[in-house]
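Peer 1: What follows is a predicted structure for the sequence shown.
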Amino acid sequence: MSQRPGFPVKLSPPGTAPTRSSPGKSAVAPAALGLSGAVAVPRMPLAPTGLGLDSGAVRARMVRLLAQQGVRDARVLEAMGLVERHRFVESALVGQAYEDTSLPIGLGQTISKPNVVARMIELLCQGASGKLGRVLEIGTGCGYQAAVLSHVATEVYSIERLRGLHEKARDNLRPLRVHNVHLIFGDGMLAYPQGAPYAGIISAAGGDDIPQAWLDQLAMGGRLVAPTVTSAGQQALVVIHKTPRGFERQVLEAVNFVPLKSGVA
């Protein structure tokens, strides 16, 4: 197995030195979230600044809605409040960036609506105390979910089969100086054995079944969250937990994701 790379936002081609980036900050003040009751959101380091879509208050409203919709994990709510979603959508659609809706990002792909992103990451985090370890994301898209994952995991490996989206995600993430995200151009159905084993695997595309490579690269005790076609012929969220006794599979609510495909383009 080859040595895992450091923390570039884009892995360098073989034989060249990787470029590194350092962490940046973008935060929403805890008071701005206005959350109470069972949801305790940790303190965030910076007060909200900026105007319009750059204002922390805009993201705070989105986070309050997520909490009202049932998202309970404070780590996930904090991460959703930290990442500026409008930086990952097309310029003509920035006015809809904080609405609970999916939006086109080109090449027939979409950025998932905030509730779906938060729900899937919350499922990934279940049972873990503190940050997750190394996480693999199948389907980088525009890079938004990878940015959110960077706040709940120590390392994020994100693989994208469409070169145009891989490059778009790189361009979106570079100004944010995300230090612990590795972007990979490749076939997500094969996962990424160089980074395995993974504490969590999350997929932004749904297939007829979970690829064996994903199960093989999941660490003992790890969790896998992916849309999968069920016996009824409908897509549903499926959670797989790898235990010493084998794989425990849980089928949850119906979803509608783009199809999982092999190869690169």
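Peer 2: It's in.
Peer 1: Please parse the chain into its domains.
Peer 2: Domain ranges of the chain: 25-82, 100-254, per automatic domain parsing.
Peer 1: mean pLDDT lowest for which of those domains?
Peer 2: Among the domains of the chain, domain 25-82 carries the lowest mean pLDDT, a mean of 68.
Peer 1: sorry, back to before: looking at the domains of the chain, which is nearest to V94?
Peer 2: Counting by C-beta to C-beta, V94 lies closest to domain 25-82 out of the domains of the chain; the figure is 6.0 Å. C-beta here means a position set from N, CA and C on the backbone, and glycine is covered the same way.
Peer 1: hang on, the earlier thing: please identify the most buried of the domains of the chain.
Peer 2: For the domains of the chain, the largest average neighbour count (mean count of other C-beta atoms under 10 Å) is found in domain 100-254, namely a mean of 19.
Peer 1: Look at that domain and report the distance between its end residues.
Peer 2: End-to-end distance for domain 100-254, by C-alpha to C-alpha, to the nearest Å: 17 Å.
Peer 1: and what of stretch 229-249?
Peer 2: Across its full length, stretch 229-249 reaches 13 Å end to end, with C-alpha to C-alpha as the criterion.
Peer 1: same thing with stretch 207-215?
Peer 2: End-to-end distance for stretch 207-215, by C-alpha to C-alpha: 14 Å.
Peer 1: cool, stretch 253-265 as well?
Peer 2: End-to-end distance for stretch 253-265, by C-alpha to C-alpha: 31 Å.
Peer 1: Figure out how far that stretch is from the centre of its chain.
Peer 2: Distance of stretch 253-265 from its chain centroid, counting by C-alpha atoms, centre = their mean, to the nearest Å, is 15 Å.
Peer 1: Could I get the contacting residues of V152?
Peer 2: Taking C-beta atoms under 8 Å, 6 or more residues apart in numbering as the contact definition, V152 lies against 75-76, 79, 121, 124-125, 131-132.
Peer 1: okay, those in JSON lines with distance to F247 and secondary structure next?
Peer 2: Output for the contacts of V152, formatted as JSON lines (distance: C-beta to C-beta, whole Å; DSSP: H, G, I helix; E, B strand; the rest coil):
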{"residue": "R75", "distance to F247": "25", "secondary structure": "helix"}
{"residue": "V76", "distance to F247": "24", "secondary structure": "helix"}
{"residue": "A79", "distance to F247": "27", "secondary structure": "helix"}
{"residue": "I121", "distance to F247": "21", "secondary structure": "helix"}
{"residue": "L124", "distance to F247": "16", "secondary structure": "helix"}
{"residue": "C125", "distance to F247": "19", "secondary structure": "helix"}
{"residue": "K131", "distance to F247": "24", "secondary structure": "coil"}
{"residue": "L132", "distance to F247": "19", "secondary structure": "strand"}
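Peer 1: so what secondary structure elements neighbour the helix or strand encompassing E167?
Peer 2: For E167, the element it lies in under DSSP states H and E is helix 163-173. Applying 3 or more C-beta pairs under 8 Å, 6 or more residues apart in numbering; DSSP states H and E, one finds that helix 163-173 contacts strand 103-106, helix 144-149, strand 153-160, strand 181-185.
Peer 1: Quick one: residues in contact with the longest one.
Peer 2: With C-beta under 8 Å, 6+ apart as the contact definition, strand 153-160 has outside contacts at 7, 131-141, 143, 146, 149-150, 166, 169, 180-188, 191-192, 195, 198-200.
Peer 1: ok, what's across the strand from L183?
Peer 2: Beta-bridge pairing for L183 (DSSP bridges): S158.
Peer 1: got the phi/psi numbers for V135?
Peer 2: When read as degrees, to the nearest 10, the backbone of V135 gives phi -120, psi 140.
Peer 1: if we can go back for a sec, output the helices and strands packed on helix 163-173 in CSV, with distance to R64 appended to each entry.
Peer 2: What follows is those, written out as CSV (distance: least, C-beta to C-beta, whole Å):
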stretch, distance to R64
strand 103-106, 21
helix 144-149, 17
strand 153-160, 24
strand 181-185, 27
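Peer 1: so which of the ones you listed comes closest to A67?
Peer 2: helix 144-149 (15.5 Å).
Peer 1: tell me what the closest one is packed against?
Peer 2: Counting contacts by 3+ C-beta pairs under 8 Å, 6+ apart, helix 144-149 packs against helix 74-82, helix 114-125, strand 132-138, strand 153-160, helix 163-173, strand 181-185.
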